[in-house]
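Q: Need a 3D model of the sequence below.
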Amino acid sequence: MSSKKKELILANTNATAALARAIADLLEPGDVVALDGPLGAGKTFVAQRIAARLGVKEIVTSPTFLLIKEYNGRWPIYHIDAYRIPPSEQGFFLEEYFYGEGVSIVEWATRIVHILPKGTIYIKMEVLSNSSRLATIATQKPNVLPCITAWESTL
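A: Residues are numbered from 1 along each chain as shown. Reported below is the predicted structural model:
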């Protein structure tokens, strides 16, 4: 993963949703968003807001027991939960999604970090309080961090 990082304190769910929308606006087919953080940190919330911004009309839920849920939006959206992927499988079967025609959103991404593409957008969510979060964004994709910095200045 790139050493280029941006940390943001998100004061409430509105700020978290706004960050998700800003990230969604930068996505294109073949992009991967890797979400990590403890239970309750907001991974699924961010995934829901990204999917909605990309035109998904249905309710986006965590794919915990299915591993993958596909949604129709501007492009196919692949919502992946890596938490229950057995270590023996290492998630290699997911690579077809990462290099496909859609956008992949991966929760518990550190479990499969070894197969994530180079341009993956990593978002680590940490709980600061009941409503506030610390989001750490890291990527090698060149336009993401400057755009997020510009977005932050509008808050």
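
Q: residues in contact with the closest residue to G102 other than its chain neighbours?
A: Excluding the flanking residues, the one nearest G102 by Cβ to Cβ, 6 or more residues apart in numbering is P76, at 3.2 Å. Glycine gets a C-beta too; all of them are placed from N, C-alpha and C. The contact partners of P76, by Cβ atoms under 8 Å, 6 or more residues apart in numbering, come to 70, 100-103.

Q: quick one: low-confidence ranges for this protein?
A: Within the chain, the stretches with pLDDT under 70 are 1-3, 86-92, 155.

Q: repeat that with 80
A: 1-3, 63-66, 84-93, 153-155 (pLDDT under 80).

Q: Just give me the residue closest to the centre of it.
A: Against the mean C-alpha coordinate of the chain, by Cα atoms, centre = their mean, the closest residue is V33 at 3.5 Å.

Q: Show me what that residue bridges to in the sheet.
A: Beta bridges link V33 to I105, I121 when assigned by DSSP bridges.

Q: circling back to that earlier point, so can I have CSV of the contacts of P76 showing secondary structure, neighbour count and distance to T64?
A: Shown next, in CSV, are these (DSSP: H, G, I helix; E, B strand; the rest coil; neighbours: other Cβ atoms under 10 Å; distance: Cβ to Cβ, whole Å):
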residue, secondary structure, neighbour count, distance to T64
E70, strand, 13, 15
G100, coil, 14, 22
E101, coil, 9, 25
G102, coil, 21, 20
V103, strand, 26, 20
